[in-house]
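Engineer: Build me a model:
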Amino acid sequence: MRSAVFDRDHVLTRAMEAFRDKGYAKTTMQELVAATGLHPGSLYAAFGNKRGLLLAAVDHYVARKSESRAALMADLPPLAGIRAYLLHLVEEMTRCTCLVTRAAMELDQDEELHQRLALIHRSLEDDFRQALRAAVEQGAIPADANVETLTAYLLVGVQGLVAFSQCRRDPALSLAVVEQLLAGLTATR
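Structural biologist: Next up is the predicted model:
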């Protein structure tokens, strides 16, 4: 028996979109077959089962988000890079649901999934911490600023924006929240 040949990136992108649109529980294997263009046997051979496909889609999502964030923040002053990322996040959340948030809410008892989801949070935390340290070095943030607290502040802000967008898709208000988050980085105590 020969293995199916397919574009893994394309299949995972399509599965990611299907899970993001309907959630894990409401996305059927028939819908995943239609979305990916693979036969059921090929999906099962490549990913084991629906959960295996979700885990692979989450890994793909995390990798794409990390690459996208790095590109958005590259070659910009630190605070401008953070702003670019936050504005991109608002724009994206007005169009679709966050796969990480949706999966975490649906499968809150799945330890393997939580380990994967923690990767995106650690990566985001590291990127924010690095940008904030550079902002302190460049004088854009006060020298006595607590970088760890500001990193946590941004992480809470991102989670808040993502959760808010699930309840209320108001881009103008979300953009105002981004500006307030950024203003909080440079506020003096």
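
Engineer: mind listing what's buried in stretch 126-142?
Structural biologist: Judged by neighbour count (16 or more other CB atoms under 10 Å), stretch 126-142 contains these buried residues: 127-129, 131-133, 135-136, 140-141. Glycine gets a C-beta too; all of them are placed from N, C-alpha and C.

Engineer: same deal with stretch 55-63?
Structural biologist: Using 16+ other CB under 10 Å as the test for burial, stretch 55-63 gives 55-58, 60-62.

Engineer: Just put the residues you listed in CSV and tack on distance to S42, secondary structure and pLDDT.
Structural biologist: As requested, these are exported to CSV (distance: CB to CB, whole Å; DSSP: H, G, I helix; E, B strand; the rest coil; pLDDT from 0 to 100):
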residue, distance to S42, secondary structure, pLDDT
L55, 17, helix, 90
A56, 13, helix, 93
A57, 15, helix, 92
V58, 20, helix, 88
H60, 17, helix, 91
Y61, 21, helix, 87
V62, 24, helix, 85
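
Engineer: ok, of the residues you listed, which one's closest to M29?
Structural biologist: A57 (13.6 Å; CB to CB).

Engineer: for the closest one, what are its contacts?
Structural biologist: With contact taken as CB atoms under 8 Å, 6 or more residues apart in numbering, A57 is in contact with 12, 15-16, 19, 99.

Engineer: sec struct for the residue most central in space within the chain, please.
Structural biologist: With distances taken as CA atoms, centre = their mean, K65 lies nearest the centre of the chain, 5.3 Å away. Under DSSP: H, G, I helix; E, B strand; the rest coil, the three-state class of K65 is helix.
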